[in-house]
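**Student:** A predicted structure for the sequence below; I have some questions about it.
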Amino acid sequence: MDSLQSYLFISIVMFCLGLYGVMTRRNGVAILMGIELILNSANLNFVAFNRFGGLGEHLPGHVFALFVIVMAASEAAVMLAIIINLYKNFQTVNVDEAHEMSG
Amino acid sequence: MAEFGFTGIAALVIASSFWVVTARNLVHAAVALMGTLFGVAGLYVYLYADFLAATQVIIYVGGILVLIIFGVMLTQRISSAVLLQTHMPNRPLAGVVVFFLFMGLTSLLFRTPWHEGEQVMPESTVTIIGTSLLTKYLLHFEVASVLLLVALLGAAYLSRREDG
Amino acid sequence: MDIRSTFALLILFLPLASFVLQIFFGRRLGPKGVWISVAALFATLILAASMLATVVLGTPMDHHPEVEWFSIGDFSITLGFQLDNLAVTMLVIVALISSLVHLYSVEYLRGDVRYTRYFGYLGLFTFSMNGIVLAHSLIMMYMFWELVGLSSYLLIGHWFEKDSAASAGKKAFLTNRVGDIGMFIGIMLFWSVTGTFTFHGLYELVDVDGANLFAGQMGLLSLAGGLVFVGAMGKSAQFPLHIWLPDAMEGPTPVSALIHAATMVAAGVYLTVRLFPILTPAALLFVATIGAITAVLGALIAITQVDIKRVLAYSTISQLGYMVMAVGLGAQQAAFFHLATHAMFKGLLFLCAGSVIHALHHALKQRNDHETDAQDMRNMGGLRSKMPITWITMVIGALAISGVPLFSGFLSKDAILAGTLAFAGENSAWWAVLFPIAGFGAAAITAFYMFRLIFMTFHGKPADAAVHAHVHESPPAMTGPLVLLAALSFALFFTLPQVNPLNSEGWLTEALPQVENLTGHADLGVEHLEHGWHEAHDTAVNLSLTVAGGGILLAVLVYLLSLINAAAIARQFRRVGLYQLSFYKFYFDEIYDALIYRPFLWLTEVVAWLDWNFWDQWFIDGLGRNTVRGGNASGWLDYVWLDQYLVDGIGRLTQRIGATGRKLQSGRVQNYLMWALAGGMIVFFVASQL
């Protein structure tokens, strides 16, 4: 069970579910959750390859995953700021209702 | 025992992430996301990434998830029906697309002859990560810090009161 | 860069800078700003003079830098300078007259509506003229040639509110265009014969035994030379393209002095002198004939004109005829000599006339008289006491143009007349005698009409004593150039270091020796000419003194002492029609009207009638009617079959597809993401199956 493929499989499942969430959710916060799932699946890949890839004592996968976490944190902060702004202006967080720019 | 642990964690991750994207109640989704994030942290432990597992718990569960719940709370009245999520009308079609994507990726997973090297369990990943962050990845580290700073400023700027 | 090229570039572009400055910033700079232009022009004068000084002190200038402009295959067009003694001398003439005219205009046009723009145009004109002088190739010269035409149009039409000025500008431009067409064809012919556009290249070809080189193509070369000369005929106002010059007197008088006395009209002569080495005997004879006719014709018309500027205009035409004739007869050095001296004294005469007109105009304005023509000599008279400086300088100019010893005109005119005599002596054909006759005849008439002008303007009784009382001498900015040009009209300046007033040798002849012609050993070879020249010199001096003296004496008798009644003579001539012939300028405008303009109108009417009745009504309309019938039939088919089924069917189909497709454009990013993903998967799937 504890093989590369099983980690990759979990990663695939998380990725697909995250994508599904991003595509189907109306609520901005829910979309953000989907994105977090996708990022976590990517991180899982990095770390899994770092362990099974025969890199010895080097840990580039871990470092990369750290950077992704940093990126995710900043992204979450900015996106929540945007969503709160959206709520202030439109009284909704449903992204499809904020369509002033649509033709 | 380890086998069972792994299977349990994997099941937790898959089930909770499924719940994240399907739950009608946003608060439930947030709770499910917490489960997923904890599960991933557990998987990190299995992958000999102890530092990363700790980081995952502290930053993701302690930071980002709290942020998300704040977002949910600030924009919805918790008792109102609005909190119950509706989905986009493209839901069935998106399900089909994602299903095919899942099929494609899994077939790729099984068809690819993965190269597996020798596994080494480091004494302490903290030392290695810390050293490489300040030597080999110094530039990346600095760029990431600038990114954080800018995101901080941007978020503060965006969410401030217009008249304040 | 070579210092000579730097100088040449500065001389060329300083006036252009002045133009740009006055056109774009003139209003902001105000009237005081024109002094910048004056300063720029004097700077070019200093630069040109320093180059001339080098030449005079014994270092011949022979510098021809060039840069490639563009190339097509192996053939390339270059831009560059032909800096030789001729160009340097001409540059000094242009810069001198132009800067003096600038200075003079500061006062003359004070208060004009387009004061600064006028100075801008003067700068543009000087730039183009310098371009002609410096041009190293026929192509480059043609470009500046056209620029000169343009700037002269702008300057002649300066007072374009007046219809006559506007149409005079147009006439000058169009007449010049006629010549330019010929010139352009000529340039192309030159290229097809010699394979080069540059003067330097042409001279080199001539140096290498030109007569044999082109032996088989003499006819073509003659045609080319003649056609290029047609361009010179336009610019230098040679018969029969001289008609624009008198009308161009509508421009401000300083412009007349600059363009129509000293520089623009000299461009044609300059071009002819430049091309002299490569002109064939036939082309030269053509040139000489045109020149001789022009010289006599201009002089004859000038006798009877009453407008002071028109007298000078016809005088200019006559003198240009002289120069052109001299080039045609092989006396190219004498021609350029006359060009130089003529630029000084004719510029002087025009500026004097301007001074008189200016004074009279102001006097008339004070009397609130807007009817009397300030340019009509009959309204002048007795101005000597009021305008002493103008009077004395204008007399000097008249003496110079008449060819009186001690003055510059004597030397150059004498050289030309000696050239005609030498040609007649060397050439045994009967018509060769006509050239000296034309030359001496025109010289006599010139002396007569010039002193007629002087006497009518400055002597005798004032036409209107009240106006006369208000006349004042012009301000120093105007009289200064007069005095300077009067000083330069003395022979001494052209013969230095020689001081013998009867000898035309000097620095100018030293710097510009007689050059070898293509037909070096043909009938009118230079060696023969020089030989005959020395023999003819004494005869020429005596004869020209006689005719000049005779002309002046006649003018004194008729107009100063009134011993002979001018009106009575005019009546006599009127009886046989000669007076009218001269007064109405040999009816050239009328002839052109009758021979070119009216037939052309008639032809256009005929063509228009044919066009309407035959072509339009019968052919085109008939065709149209049949087309309508055919069109109706095809229209029915078109509508029922093509439109209803095919076109509208496609349209409906497209509409349906569009209606379906627009649903995709929901404006929701999530939908786009889904479709993009689906598309990407399809691509991957297809790619994996291949």
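**Tutor:** The structure has been received and is ready for your questions. Owing to the predicted nature of the structure, the values given are computational and were not obtained by experimental measurement.

**Student:** List the contacts of residue 42.
**Tutor:** All of this refers to chain A. A:11, A:15, A:68 (CB atoms under 8 Å, 6 or more residues apart in numbering or on different chains). From N, CA and C alone the C-beta is placed, and that goes for glycine too.

**Student:** Chain C, not that one
**Tutor:** C:Ser99.

**Student:** and if you look at C:Leu96?
**Tutor:** C:45, C:343, C:488.

**Student:** most surrounded residue in those residues?
**Tutor:** Neighbour tally across these (other CB atoms under 10 Å in any protein chain shown): the maximum, 25 neighbours, falls on C:Ala343.

**Student:** got the phi/psi numbers for C:Ser489?
**Tutor:** C:Ser489 has phi and psi values of phi -90, psi 0 when expressed as degrees, to the nearest 10.

**Student:** correct me, but it touches C:Ala343?
**Tutor:** No: the criterion here is CB atoms under 8 Å, and C:Ser489 misses it with C:Ala343 at 10.3 Å.

**Student:** C:Leu320: how many residues sit nearby?
**Tutor:** Around C:Leu320 there are 32 residues (other CB under 10 Å).

**Student:** Return the backbone torsion pair for it.
**Tutor:** phi -60, psi -40.

**Student:** Burial check on whichever residue of the stretch 351-500 of chain C sits closest to chain B, number of neighbours?
**Tutor:** Per CB to the nearest CB, the residue of the stretch 351-500 of chain C with the smallest distance to chain B is C:Ala477, at 69.5 Å. Neighbourhood size, C:Ala477 [other CB under 10 Å]: 15.

**Student:** how far out from the middle of the chain is stretch B:102-118?
**Tutor:** Relative to the centre of its chain, stretch B:102-118 is centred 22 Å away, using CA atoms, centre = their mean, to the nearest Å.

**Student:** low pLDDT regions in chain A?
**Tutor:** Scanning chain A for pLDDT under 70 picks out A:1, A:96, A:98-103.

**Student:** Grab the longest helix from it for me.
**Tutor:** helix A:60-90 (DSSP state H).

**Student:** Please name every helix or strand in contact with that helix.
**Tutor:** On a contact count with 3 or more CB pairs under 8 Å, 6 or more residues apart in numbering or on different chains; DSSP states H and E, helix A:60-90 meets helix A:28-52, helix B:50-55, helix B:65-75, helix B:125-134, helix B:138-159.

**Student:** can I see the domain layout of chain B?
**Tutor:** Listed by automatic domain parsing, the domain ranges of chain B are B:1-84, B:126-164.

**Student:** Mean neighbour count, these: which tops it?
**Tutor:** domain B:1-84 (a mean of 18; mean count of other CB atoms under 10 Å in any protein chain shown).

**Student:** Figure out how far that one is from the centre of its chain.
**Tutor:** On CA atoms, centre = their mean, the centre of domain B:1-84 falls 7 Å from that of its chain.

**Student:** and what of stretch A:19-37?
**Tutor:** 9 Å.

**Student:** and the nearest residue to C:Ala363 once chain neighbours are set aside, how many residues sit next to it?
**Tutor:** Spatial nearest neighbour of C:Ala363, excluding adjacent residues (CB to CB, 6 or more residues apart in numbering or on different chains): C:His470 at 3.7 Å. Using other CB under 10 Å, C:His470 has 16 neighbouring residues.

**Student:** Quick one: residues contacting C:His470.
**Tutor:** C:His470 is in contact with C:362-363, C:366-367, counting by CB under 8 Å, 6+ apart.

**Student:** same thing with C:Ile290?
**Tutor:** C:229, C:233, C:238-239, C:321, C:324, C:328.

**Student:** Kindly recompute the last result at 6 Å.
**Tutor:** C:Gln238 (CB atoms under 6 Å, 6 or more residues apart in numbering or on different chains).

**Student:** can you check the one 5 residues further on too?
**Tutor:** If a contact means CB under 6 Å, 6+ apart, then C:Ala295 has C:318, C:321-322, C:325, C:438, C:442 as its contacts.

**Student:** host element of it?
**Tutor:** In the assignment (DSSP states H and E), C:Ala295 maps to helix C:281-304.

**Student:** Report the mean confidence score over that helix.
**Tutor:** Averaged across helix C:281-304, pLDDT comes to 86.

**Student:** Residue numbers of chain C in contact with chain A?
**Tutor:** Within chain C, the positions adjacent to chain A are C:667-668, C:670, C:673-674 by CB under 6 Å from any CB of the partner chain.

**Student:** Can you give me the pLDDT of B:Leu149?
**Tutor:** At B:Leu149, pLDDT is 92.

**Student:** Identify the residue of chain B closest to chain A, quick one.
**Tutor:** For chain B, CB to the nearest CB, closest residue to chain A: B:Gly117, 1.4 Å.

**Student:** So that residue lies in a helix, does it not?
**Tutor:** No: counting by DSSP: H, G, I helix; E, B strand; the rest coil, B:Gly117 falls outside a helix, being coil.

**Student:** Report how many residues lie close to the closest residue to C:Asp464 other than its chain neighbours.
**Tutor:** Counting by CB to CB, 6+ apart, C:Asn379 is the residue found nearest to C:Asp464 once chain neighbours are left out, at 6.8 Å. Using other CB under 10 Å, the number of residues around C:Asn379 comes to 19.

**Student:** Same check on C:Ile303?
**Tutor:** Neighbours of C:Ile303 (other CB under 10 Å): 19.

**Student:** Quick check: the gap between it and C:Leu543.
**Tutor:** 21 Å (CB to CB, to the nearest Å).

**Student:** Nice, that's everything, thank you.
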